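Colleague: return a 3D structure for these sequence lines:
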Amino acid sequence: MFDFSNQVIIVTGASGNLGRAVVELFQSAGASLVLVERNADKLKQAFPDLAGDPHHLIASADLTDAEAVKSVVAQTVAQFGRVDALVNTVGGFRAGTPLHETPMDTFDFLLNLNARTVYIAAQAVLPTMLAQGNGKIISVAARPGLEGRANQAAYSASKAAVLRLTESMAAEYRMQGIHVNAIIPGTIDTPQNRAAMPDADFGKWVQPESLAGVIAFLASDLAQDVHGVALAVVGRS
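Modeller: Residues are numbered from 1 along each chain as shown. Next up, the predicted model:
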């Protein structure tokens, strides 16, 4: 369905449930992949067929560290000469307490993991994309980022930041050929979510592969007129 031959795609959080689905889809579509995670060994275990393959790059980096991410992008450009798309799948969730009972550590953790990583990764790839005159940046937001929810203030704020960053970047760079968009997943069918909600109807949840397909659409030429969109992919959840 998609052809990403001769394109270079950076995927952050590549060993996660969504990250793996994204990597597998882009790999099947012929892309050269740059997989980024704090623990490179984890990536090598998840994708043994990609480790050591000159058409792909496995990179270790703390995605909240701007210099570390810039180094990965420099390696990418040195090896492949370009960056066609950045897919930000790294992220996390903590909730369950009202704001006055939520530690600052939780607020800082979620802002850093969900929003700072998007800011840093985008800032690292944009100079290359501007020089090319094209590029795609796709991030993962969440429904609480659209409307704050009780006992989720820190998480809602972090995902709202992802949406505002997406909109601002789209406004800043769309005239230079750069497309910036986001997806808003429903509850994703993962082992962790099944363990946390064992009585839920899993059939209503969204499959990671479905989300990966929407991400591939946003990274493709089919989405050439799509800018600053937060595309809901919620299934029946």
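Colleague: which secondary structure element of this protein has the lowest mean pLDDT?
Modeller: helix 40-46 (a mean of 89; mean pLDDT, DSSP states H and E).
Colleague: so which elements touch it?
Modeller: When contacts are defined as 3 or more Cβ pairs under 8 Å, 6 or more residues apart in numbering; DSSP states H and E, helix 40-46 sits against strand 57-60. For the C-beta atoms, the positions are set from N, CA and C on the backbone; glycine is no exception.
Colleague: how far away from the center of its chain is the helix or strand immediately after the strand it packs on in the chain?
Modeller: Towards the C-terminus, the helix or strand next in line after strand 57-60, according to DSSP states H and E, is helix 66-80. Centre-to-centre, helix 66-80 and its host chain are 17 Å apart (Cα atoms, centre = their mean, to the nearest Å).
Colleague: just the CA trace of helix 66-80, in CSV.
Modeller: Output in CSV follows, covering the C-alpha atoms of helix 66-80 (Å, rounded to 0.1, in the frame of the first residue of the first chain):
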residue,chain,number,x,y,z
ALA,A,66,19.1,17.8,23.2
GLU,A,67,22.8,17.1,22.4
ALA,A,68,22.3,13.4,22.4
VAL,A,69,19.5,13.6,19.9
LYS,A,70,21.4,16.1,17.7
SER,A,71,24.2,13.5,17.6
VAL,A,72,21.8,10.8,16.4
VAL,A,73,20.5,13.1,13.6
ALA,A,74,24.1,14.0,12.7
GLN,A,75,24.8,10.2,12.4
THR,A,76,21.7,9.8,10.3
VAL,A,77,22.6,12.5,7.9
ALA,A,78,26.2,11.3,7.7
GLN,A,79,25.1,7.7,6.8
PHE,A,80,22.0,8.4,4.7
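Colleague: that helix packs against which elements?
Modeller: For helix 66-80, the elements it packs on are strand 8-12, strand 32-37, strand 57-60, helix 117-132, judged by 3+ Cβ pairs under 8 Å, 6+ apart.
Colleague: from F80, how far off is the most far-flung residue of the chain relative to its centre?
Modeller: With Cα atoms, centre = their mean as the measure, the chain has its most outlying C-alpha, relative to the mean C-alpha position, at H100: 30.1 Å. When distances are taken as Cβ to Cβ, to the nearest Å, H100 and F80 turn out to be 49 Å apart.
Colleague: then P98?
Modeller: Going from P98 to F80 by Cβ to Cβ gives 47 Å.
Colleague: between these two, point out the one with more neighbours.
Modeller: More crowded of P98 and F80, by other Cβ atoms under 10 Å: F80, with 19 against 10.
Colleague: okay, which residue is most central for this structure?
Modeller: Most central residue of the chain, judged by C-alpha distance to the mean C-alpha position with Cα atoms, centre = their mean, is N88 at 1.9 Å.
Colleague: averaged pLDDT, the helix ranked longest in the chain. What do you get?
Modeller: Ordering each helix of the chain by length in residues (DSSP state H) puts helix 153-173 first. On average, the pLDDT along helix 153-173 is 98.
Colleague: next one: stretch 109-121
Modeller: On average, the pLDDT along stretch 109-121 is 98.
Colleague: again, but for stretch 75-87
Modeller: For stretch 75-87, the mean pLDDT works out to 97.
Colleague: residues touching it, excluding its own?
Modeller: Counting by Cβ atoms under 8 Å, 6 or more residues apart in numbering, the neighbours of stretch 75-87 from elsewhere in the structure are 4, 7-12, 22, 31-32, 34, 57, 59, 73, 121-122, 125, 128-129, 132, 134-138, 215, 219.
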